[in-house]
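Undergrad: Structure for the following, please:
(2 chains)
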Amino acid sequence: MKLWLPLRCRFPWSRRRAREADLDRELRDHLDLEAEEQRQAGVSDEEAGYAARRALGNAAQIKEDVRMAWGLQWLETLGQDLRYGLRQLRRNPGFTAVAVLTLALGIGANTAIFSMVNAILLQPLPYSNPQKLVRLEITEPGHTGLVPVASGPDFKDWQKENHVFEEMAAGFDANKSLTGGSEPMQLSGFEVSPQIFHLLGIAPLMGRAFTQDETQHGHNQVVILSYGLWQRAFGGDKAIVGKAIALDGEVYDVAGVMPQSLKFPDLWWGIKAEFWIPLNLEQPAWRRTRGSHWLWVLGRMKEGVHLAQAQADMATISRNLQRQYPRDDAGVNAKVLGLHGLVTKQVRPALLVLFAAVGFLLLIACANIANLLLARGIARGREMAVRMAVGSGRVRLIRQLITESVLLFLLGGIAGLLVGWGALRILLYAAPQGYIPGIIDVRLGGWVFAFTFGVAFLTGLLAGIAPAIQSSKPGLRGTLKEGARTAAAAHRGSRNILTVAEIALALLMLIGAGLAIKSLVRLMGVQPGFDPHNVLKANLALPKARYKSNQQVSAFYERLLDRLRALPGVESASAAAYLPLQGNPSSSVYIEGQPLPKNVYSSPEVEWCQALPGYFRTMRIPLLRGRDFTLLDTPKSPQVAIINEAMARLFWPNQNPIGKRFSKAYQKPQWITVVGVVGDVLEVGLDEPALPEAYFPETQDTDPWLAVVLRTSTPPLNEAGLLRHAVRSLDPELPVYGVGTLSRIVSQSSEQQRFVALLLGLFAAAALALALIGIYGVISYSVAQRTHEFGIRLALGARREDVLRLVAREGWALALIGVAAGLVAAFALTRLMASLLYDVKPNDPATFVALPLLLIAAALAACLIPARRAANVDPMVALRHE
Amino acid sequence: MQGTLDMLILRTLLLGPLHGHAIAKHIQRTTDDVLQVDHGSLYPALHRLERKLWIVAKWEMAKDRNREFKYYRLTPAGRKQLATEHSKWKLLVASIGRVMEPAEEG
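TA: Alright, predicted model coming up:
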């Protein structure tokens, strides 16, 4: 059955007028013939005309029906409705502006956050078959939670014994200095098993991956460069493969270059991979120790293998290993975890909370607009009644009203998309370092576009339906007579519900934001244990090739610090292996006089740090007992250490720890004597308590990689150039990296909470504004409707305060119910954000009392304006008002 | 009764081309005024049938006067449709008849 009439109606629009004229003519002919028949039956000329018309019926209706039969009606109607809708919107610029802006805000925020959620949580990782990729972590006895690294021998056994993995690969972070160019550069990269690239499904851009032979000592000085490094340091030299470069003073052959699109998983504290070298499992000797955990391990599951199967297999292997090596592997169980989850783990809770928040914001925005539309629908009740009386079908009217709403929401959707695009740019720019996993590309995708439009469209439909149906109810004769007054009452219920819902949601968001902000304030108030102001830091990594002995290392640092202390603007200078808030390595210790531990895991652990004399003074870490390191602490003098309060409390509670001894090894103990106690510093982050820590003199426990700290009297970054100069004067081939201020490091550790709190705060503020506008609108409208009633009351002797109170009561009721509902919701829901809070309970009483009061006060203030207007009404005017 | 009206129109046109008014009058006369075709539903029906290609329309000069009217005539497809509708109608009528006046039992 053809939908189009052949030939004649190929171009419906141009033919349309012809067909309309045709139909007109046909109907006129019919009337003429009918009239003629009537005259023949003896009716007068005049009467015949009327009789004919009566017989035909409603000509307009007939034409409508015929047009329906023509079938293209919907397109025509749509066009008409759209044009009408646009005219309506243009005629009410205030309404349109408010509505579109509200929508743009709600939809825009949603789009931005949803893009992030989509890219980070929903999209798969950029590797082949990413759902098969897993990471292996282990349990350690005496350690809650999982440890993300394993030992070399265990890894080799896992590779050999497993039945579930197609491939396994391991890696470790590597840092090397690149020399031979214009400036020495410090690079971060990885030592990796040769299988790693195949496991991830990445082929090199140029050259090749490593071979198994190249992991052997003596053959392993080959390197693969990242695309970025290749461009930056070698200018994209096409002949780079096969050339030799100098890493840490040693010769490495370039085996290949990785493509630009490669995103290597940043599993190790967000280190960006600039180079890869083969993994050495044999040297130095500690790598062969089964009890030493240092390797991250990835695996690709075989086809058809699920996580549970892989887990079971690894559990069996772990048990076998525990039996074979009871001392080293006791309590060590391998756990298999999906890689995607791990990469996104950190940011997931915050992202979900933000997503919920913008969802609520959108709901509030839609509720506001629905209210607006309802109000307008009532105002147009008369218009609808007239149109229906003239013959417009009810369905047609509803369709037209819905089209208007949808049009509004589409405009809002487009505006929202633009706002969202801009907001996403800003979010990505402002997001803390490493917050968004580097391997994920966050973009506004087609999906998000569809989502936004879907939301806009659906909301437009829903928000348009109720007023549309209400406005076009039959029985509008009443409306024609009485005017809008009584019709208003009918809508009261739904509008009140909407307003109450808005207030509840706004309160929920306010409380969420309040908790996040309070948490942030608490976090930022945490004392890190040192004074970060005006301290410059820089990292140096002395390469083994040129600093072969410990003595050379110590001598270099001593000379450097002498020069730095002599600089103008430098109050004090020193260096240490690990700065606070950056994490330390830890080691197990054995305390003299305390019972032997069962194995290496059940002995207590302390954080480890090497430092030079003057470090505590420079950092303003209080020296509580004993002394600092001095030049007298040499490799030949007795081994000493300075411990922090936490360690003193842990091992020698209520005693003087000075003079006590401990050792790293318990089999042939090398005793270290405690000579001083310093205040705690936070090693891991502002939200983690201080751990027991022991400091050792650099001369006795030499680490070639130190962080130099300078306390300056001028802004620290001004001294950076002088620092570099000092280093260069001692060793021009030594790269200086990680230059920054300690204040920055401290603020960085609360960066994520700040980010979340900022966003939640913004959303809550927007929600509050919208909710207040909503309640203002509803009360205003109600006052406008009841002007007549107020006029009567005033005329009958009511006082102005009475009218005021009447209006206020209405607002009061709405606000109270809304706040009550919001509180209930908050009680139930805030526990979901507990993981984001520091030192603040999800049901923090202060927040739960203060914010509702704030909201009620604000809502009442919003009601006050229309209330005042109501009270100041002139009775004479009001009585005349309909 | 939409389907019925369609069928009546098709049957009327079997005899030859007619314009809208004449179709209505024919049905009225033939049923002795029992079936008063609602003129309001006539034209939508005609245009619907036209869209389905069961009838075609053309402006022609009337036989008995100096004026053009829009004449409808049956197409072969319409003829076939009429036969189908007619047999369906006969079946319907027979079934209703059996209910209303059941055959004598026993």
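
Undergrad: At the contact with chain B, which residues of chain A appear?
TA: Residues of chain A lying close to chain B (CB under 8 Å from any CB of the partner chain) are A:1-2, A:5-6, A:22-23, A:25-27, A:29-30, A:33-34, A:37, A:55-58, A:61-62, A:65-66, A:68-71. (C-beta placed from N, C-alpha, C; glycine too.)

Undergrad: Just the buried subset of the residues you listed, written out for ChimeraX, thanks.
TA: The command below creates a ChimeraX selection of those among these that count as buried (16 or more other CB atoms under 10 Å in any protein chain shown):
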select /A:5,23,26,27,29,30,33,34,37,55,56,62,65,66,68,69,70,71
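
Undergrad: Just the ones of the residues of chain A next to chain B in helices?
TA: A:22-23, A:25-27, A:29-30, A:33-34, A:37, A:55-56, A:61-62, A:65-66, A:68-70 (DSSP state H).

Undergrad: Setting aside sequence neighbours, what's the nearest residue to A:L281?
TA: Nearest in space to A:L281, with sequence neighbours left out and distances taken as CB to CB, 6 or more residues apart in numbering or on different chains, is A:G152 at 4.4 Å.

Undergrad: how many neighbours does that neighbour have?
TA: Other residues within reach of A:G152, judged by other CB atoms under 10 Å in any protein chain shown, total 22.

Undergrad: Quick check, pLDDT for it.
TA: Per-residue confidence at A:G152 stands at 90 (pLDDT).

Undergrad: Same check on the one 3 residues further on?
TA: Predicted confidence (pLDDT) for A:F155: 93.

Undergrad: host element of the spatially most central residue of chain A?
TA: Central residue of chain A (CA atoms, centre = their mean): A:L351, 3.9 Å from the mean position. Assigned by DSSP states H and E, A:L351 belongs to helix A:348-379.

Undergrad: The helix or strand following that helix vs helix A:348-379, what angle?
TA: Once the chain leaves helix A:348-379, the next helix or strand it forms, by DSSP H and E, is helix A:381-390. Here the directions of helix A:381-390 and helix A:348-379 differ by 60 degrees (axes from the mean of the first three to the mean of the last three CA atoms, to 10 degrees).

Undergrad: Buried residues of helix A:381-390, list them for me.
TA: Buried residues in helix A:381-390, counted by 16+ other CB under 10 Å: A:381-382, A:384-385, A:387-388.

Undergrad: what do you get for stretch A:617-636?
TA: The neighbour-count check on stretch A:617-636 (16+ other CB under 10 Å) flags A:617-619, A:621, A:625-626, A:628-629, A:633 as buried.

Undergrad: Need the max-distance pair from these.
TA: Taking CB to CB as the measure, the buried residues of stretch A:617-636 reach their widest spread between A:T618 and A:R625, a distance of 19.3 Å.

Undergrad: Just the pLDDT at residue 14, thanks.
TA: If you meant another chain, say so; for now it's chain A. With respect to pLDDT, A:S14 has a value of 63.

Undergrad: look at chain B instead
TA: In this model, B:L14 is scored at 90, pLDDT.

Undergrad: Repeat that for the one 4 residues further on.
TA: In this model, B:L18 is scored at 90, pLDDT.

Undergrad: So what touches stretch A:411-419?
TA: In this structure, residues lying in contact with stretch A:411-419 by CB atoms under 8 Å, 6 or more residues apart in numbering or on different chains are A:89, A:96, A:99-111, A:369, A:449, A:452-453, A:455-457.

Undergrad: Just give me the longest helix of chain B.
TA: Longest helix in chain B, counting by DSSP H: helix B:76-100.

Undergrad: Any idea how far it is from the middle of the chain?
TA: Taking CA atoms, centre = their mean, to the nearest Å, one finds the center of helix B:76-100 at 13 Å from the center of the full chain.

Undergrad: Give me the mean pLDDT for the helix holding A:L351.
TA: Model confidence over helix A:348-379, given as mean pLDDT, is 82.

Undergrad: For it, list every residue counted as buried.
TA: A:350-379.

Undergrad: Which strands or helices does it pack on?
TA: When contacts are defined as 3 or more CB pairs under 8 Å, 6 or more residues apart in numbering or on different chains; DSSP states H and E, helix A:348-379 packs onto helix A:93-117, helix A:394-430, helix A:446-471, helix A:484-524, helix A:751-785.

Undergrad: Who are the packing partners of the fourth one?
TA: In other words, helix A:484-524. The helices and strands touching helix A:484-524, judged by 3+ CB pairs under 8 Å, 6+ apart, are helix A:348-379, helix A:381-390, helix A:446-471, helix A:751-785, helix A:800-829, helix A:845-871.

Undergrad: which regions of chain B sit below the pLDDT cut-off?
TA: Within chain B, the stretches falling below the threshold (pLDDT under 70) are B:1-2, B:104-106.

Undergrad: At the contact with chain A, which residues of it appear?
TA: With CB under 8 Å from any CB as the criterion, chain B comes near chain A at residues B:19-22, B:25, B:38-41, B:43-44, B:47-48, B:50-53, B:69-70.
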